[in-house]
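Peer 1: Got a predicted model here, sequence first, then my questions.
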Amino acid sequence: MAKIRLAVVGIGNCASSLIQGIYYYQTKTAKEAIGIMNWEIGSYKPSDIDVVVAFDIDKRKVGKDVNEAIFAEPNCTAIFCKDVPPSGVKVTMGRVLDGFSEHMKDYEEAYTFLLSDAKEPEKEDVINLLKESGAEILINYLPVGSEEATRFYAECALEANLGFINCMPVFIASDPLWADRFKAKNLPVVGDDIKAQVGATITHRVLTDLFNKRGVKLERTYQINTGGNTDFLNMLNRKRLKSKKISKTSAVQSVTGEPLDSRNIHIGPSDYVPWQNDNKVCFLRMEGKLFGDVPMNIELRLSVEDSPNSAGVAVDAIRFCKLALDRGEGGILFGPSAYLMKHPPKQYTDDEAYKMTQDFISIQAETVS
């Protein structure tokens, strides 16, 4: 089976978990594969992903082998696969643009970016490198708020003829203008803003859908999250959070039945706690009324390692994108986007989105047979 040739923008915790997983599952069978939603997608396994080019802006990563850089500071996610061999691919200096928030310079080196003094590449340099590497898909792991930088790499993916997976909340797949551009070039796009396997958003959605289906009127709710990775440090700059709050809030509002007034729903990151490292803690409260207008409420605390939670979804997004490339399908992948992302072009319930992704796989199986 041919490898899926992947380009990665941002060698942070999420990329570390994804790449560790590629090697971790090499030695597993389907029965042993804990933590995988779909062991095979069109006969592609998680270990069939091959990183062929990578970009970052941290001097502790630029110039190093990708498989060494994933363990460099400020990465702090769980190491569940220590035996990651050298890849032969060195991390290339990327474009900074708005991918770095100035307030992060005020924190200890171990917790924040150290900007590389390497020369930033021109747009043509990035496009040429993508082409020369043979990359088929580009996955975007830039920090929240990187609006300009995300559009830069989306543009490069288009010009280099790559599929695009947007794991963060800048609206590419859910922007009709961008979606049309990928469709015009017959390139698949999956996005926007990755939804973890069992994270704050999916848990909040499931409980909200439960209220709706069981006739309980949801009156108000909040979701507050804390963490200690660079994502949470970056998000202390509230100016970078506009699209993030839209993405997370719309993911929940889409399953309420009747949207809540903005005063009665609060969803978003709360604070940066350095000692939490990559552990994310979600505090969730939901208040409503059931039979006889009698009030009830739920309070939930969820604690999860943030980046492996994301990587368990990314391995499917990559393989769905590859299937679309294999069969010449461009534009928005509606089912995978709805199931795997917080802010897809069109929201569906999770049950509907799950069925759409399974149908997507079945169509591929029928095409191959």
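Peer 2: Structure's in. What do you need? Residues are numbered from 1 along each chain as shown.

Peer 1: Okay, buried residues for the helix or strand encompassing N67 please.
Peer 2: Of the helices and strands defined by DSSP states H and E, N67 is found in helix 66-69. Using 16 or more other CB atoms under 10 Å as the test for burial, helix 66-69 gives 66-67, 69. Every residue, glycine included, has its C-beta placed from N, CA and C.

Peer 1: Can you name the element that comes right after that helix?
Peer 2: In the C-terminal direction, the helix or strand that comes right after helix 66-69 (DSSP H and E) is strand 91-93.

Peer 1: follow-up on the earlier one: any chance of the buried residues of helix 66-69 in CSV, with pLDDT too?
Peer 2: Compiled in CSV, the buried residues of helix 66-69 are given as follows (pLDDT from 0 to 100):
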residue, pLDDT
V66, 98
N67, 98
A69, 98
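
Peer 1: of the residues you listed, closest to D278?
Peer 2: A69 (16.3 Å; CB to CB).

Peer 1: in the protein, which ranges drop under the pLDDT threshold?
Peer 2: 1, 364-369 (pLDDT under 70).

Peer 1: where exactly do the strands run in it?
Peer 2: Counting by DSSP state E, residue ranges of the strands within the chain are 4-9, 49-56, 91-93, 137-140, 163-166, 188-190, 217-227, 265-272, 279-290, 294-305, 331-332.

Peer 1: what's the span of stretch 227-245, first residue to last?
Peer 2: End-to-end distance for stretch 227-245: 16 Å, by CA to CA, to the nearest Å.

Peer 1: Kindly report the same for stretch 101-109.
Peer 2: For stretch 101-109, by CA to CA, the gap between its terminal residues amounts to 14 Å.

Peer 1: now do stretch 162-179
Peer 2: Using CA to CA, the two ends of stretch 162-179 sit 14 Å apart.

Peer 1: next one: that stretch to chain centre, how far?
Peer 2: Averaged C-alpha coordinates place stretch 162-179 at 12 Å from its chain's average position (CA atoms, centre = their mean, to the nearest Å).

Peer 1: Could you tell me which residues within it count as buried?
Peer 2: So, applying 16+ other CB under 10 Å, buried residues of stretch 162-179: 162-175, 178-179.

Peer 1: so can I have TSV of the buried residues of helix 66-69 showing distance to R238?
Peer 2: TSV is the format used below for the buried residues of helix 66-69 (distance: CB to CB, whole Å):
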residue	distance to R238
V66	33
N67	35
A69	30
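
Peer 1: Looking at the buried residues of stretch 162-179, which two lie furthest apart in space?
Peer 2: Largest separation among the buried residues of stretch 162-179 by CB to CB: L162 and P169, giving 20.7 Å.

Peer 1: from the chain's centre, how far out does stretch 89-103 sit?
Peer 2: Worked out by CA atoms, centre = their mean, stretch 89-103 lies 18 Å from the chain centre.

Peer 1: what residues does that stretch touch?
Peer 2: Identification of contacts with stretch 89-103 by CB atoms under 8 Å, 6 or more residues apart in numbering yields 9-11, 51-57, 61-66, 69, 113, 115-116, 118-121, 126, 129, 142-143, 145-149, 152, 234, 236-237, 240.

Peer 1: Restrict those residues to the buried ones and give me that as a ChimeraX selection.
Peer 2: With 16+ other CB under 10 Å as the burial test, the buried ones among the contacts of stretch 89-103 are selected in ChimeraX as follows:
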select :9,10,11,51,52,53,54,55,56,57,61,62,64,65,66,69,113,115,116,121,126,129,142,143,145,146,147,149,152,234,236,240
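
Peer 1: Now do the same contact list for the closest residue in space to I194 that isn't next to it in sequence.
Peer 2: Beyond its immediate neighbours in the sequence, the residue positioned closest to I194 (CB to CB, 6 or more residues apart in numbering) is C167, lying 4.1 Å away. Contacts here follow CB under 8 Å, 6+ apart; on that basis C167 touches 14, 139-141, 191, 193-194, 310, 314, 317.

Peer 1: ok, now how distant is C167 from K59?
Peer 2: For C167, the distance to K59 equals 24 Å [CB to CB, to the nearest Å].

Peer 1: try Y153
Peer 2: Spatial separation of Y153 from K59 under the definition CB to CB is 20 Å.

Peer 1: who's more crowded, the two?
Peer 2: Using other CB atoms under 10 Å as the criterion, Y153 and K59 rank with Y153 on top: 29 against 16.

Peer 1: from memory that one sits against N140, does it?
Peer 2: Yes. Between Y153 and N140 a contact is recorded at 5.9 Å, counting by CB atoms under 8 Å.

Peer 1: which residues are common contacts for these two?
Peer 2: V9.

Peer 1: Let's see if you can find the most crowded of the contacts of C167.
Peer 2: G191 (33 neighbours).

Peer 1: ok, it to F113 distance?
Peer 2: G191 sits 24 Å away from F113 when distances are taken as CB to CB.
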